[in-house]
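*Asks:* give me a model of this one.
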Amino acid sequence: MSASLLRRGLELLEAPGRVKAPPGLQRGRDGPRAAGAARRRKRAPEPGRNKATVKGRVVKSAIEEYHKKKAVNHLRANLQYMLKGRFVANKAITEQVLAQNRGRKSKDQPPKKAAKKKPEGTVFTEEDFRKFEREYFGRP
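*Replies:* Here you go, the predicted model:
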């Protein structure tokens, strides 16, 4: 394991309140007192302090984390909300909203409604046909 990876790992585990000097501003340890400083840092560990844990860190339960991130089904609450209100929107407004949300592709367009055909009737009455028959064919 390289020293830079180890340093990064230690930086991640540091307490958030503690501020560390940027790497460019740290003093070099190449001087004659470097060995003495290293020996002082390496002195015997203080009793009662566990170096494996990080100060201020709280152990989180894996089950609690799982429940926090698990997807929640809101269907029941949404249905109750929708069924609670009896307000019905205006049909013109509903159609306008649906038209805005519809895509431009042909698959997104609703099927065209065929216009209702009126029963075909005639403009002429039975009397008009008789009158025409008398005039055209000469019958009484």
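*Asks:* keeping just the C-alphas, turn the lowest-mean-pLDDT helix or strand in the chain into CSV.
*Replies:* Across the helices and strands of the chain, mean confidence by mean pLDDT, DSSP states H and E is lowest for helix 34-41: a mean of 73. C-alpha atoms of helix 34-41 as CSV (Å, rounded to 0.1, in the frame of the first residue of the first chain):
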residue,chain,number,x,y,z
ALA,A,34,13.4,14.6,12.2
ALA,A,35,14.4,11.4,13.9
GLY,A,36,13.8,12.8,17.4
ALA,A,37,10.3,14.1,16.3
ALA,A,38,9.5,10.7,14.9
ARG,A,39,10.5,9.0,18.1
ARG,A,40,8.3,11.4,20.1
ARG,A,41,5.3,10.7,17.9
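*Asks:* in it, which residues are buried?
*Replies:* Within helix 34-41, no residue counts as buried by 16 or more other Cβ atoms under 10 Å. Backbone N, C-alpha and C define where each C-beta goes, glycine included.
*Asks:* give me the pLDDT for the residue most central in space within the chain.
*Replies:* In the chain, the residue lying closest to the centroid (Cα atoms, centre = their mean) is residue 71, at 12.1 Å. Confidence at residue 71, expressed as pLDDT, is 89.
*Asks:* where does this structure have low pLDDT?
*Replies:* For the chain, the stretches flagged by pLDDT under 70 are 1, 15-33, 43-55, 139-140.
*Asks:* check the gap between residue 99 and residue 115 for me.
*Replies:* Counting by Cβ to Cβ, to the nearest Å, the gap from residue 99 to residue 115 is 19 Å.
*Asks:* which parts of the chain are helices?
*Replies:* 3-13, 34-41, 62-69, 75-84, 91-101, 126-137 (DSSP state H).
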